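A.B. asks: compute the structure for the input listed below.
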Amino acid sequence: MPEIQVSDSLYSQLEEVSDGRDLDAAMWEMVYLFQRGNNPSE
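C.D. replies: Purely as a prediction, here's the structure:
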């Protein structure tokens, strides 16, 4: 998996929305929801 660098403030926001879950799982969920919101035919 590629590695990305984010600012400390963005990382803090990601940790907050992960709600104690695995951070990778939370990010994949965000990607899914983003794609779903931008392609409502799916």
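A.B. asks: tell me where the longest helix sits in this protein.
C.D. replies: Of all segments of type helix in the chain, defined using DSSP state H, the longest is helix 23-38.
A.B. asks: alpha carbons of that one, in PDB - could you do that?
C.D. replies: Taking Å, rounded to 0.1, in the frame of the first residue of the first chain, the C-alpha atoms of helix 23-38 are listed here in PDB:
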ATOM      1  CA  LEU A  23      -7.300   4.100  10.900                       C
ATOM      2  CA  ASP A  24      -6.900   2.200   7.500                       C
ATOM      3  CA  ALA A  25     -10.500   0.900   7.800                       C
ATOM      4  CA  ALA A  26     -11.800   4.300   8.500                       C
ATOM      5  CA  MET A  27     -10.000   5.800   5.500                       C
ATOM      6  CA  TRP A  28     -11.300   3.100   3.200                       C
ATOM      7  CA  GLU A  29     -14.800   3.800   4.400                       C
ATOM      8  CA  MET A  30     -14.300   7.500   3.700                       C
ATOM      9  CA  VAL A  31     -13.100   6.700   0.100                       C
ATOM     10  CA  TYR A  32     -16.200   4.400  -0.400                       C
ATOM     11  CA  LEU A  33     -18.600   7.100   0.800                       C
ATOM     12  CA  PHE A  34     -16.800   9.800  -1.300                       C
ATOM     13  CA  GLN A  35     -17.100   7.600  -4.400                       C
ATOM     14  CA  ARG A  36     -20.700   6.700  -3.600                       C
ATOM     15  CA  GLY A  37     -21.600  10.400  -3.200                       C
ATOM     16  CA  ASN A  38     -20.000  11.300  -6.500                       C
END
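A.B. asks: who does it touch, helix- and strand-wise?
C.D. replies: Applying 3 or more Cβ pairs under 8 Å, 6 or more residues apart in numbering; DSSP states H and E, one finds that helix 23-38 contacts helix 8-18. (Each C-beta comes from the backbone N, C-alpha and C, glycine too.)
A.B. asks: contacting residues around the helix it packs on?
C.D. replies: For helix 8-18, contacts defined as Cβ atoms under 8 Å, 6 or more residues apart in numbering pick out 6, 23, 25-27, 30.
A.B. asks: fine by me, thanks again.
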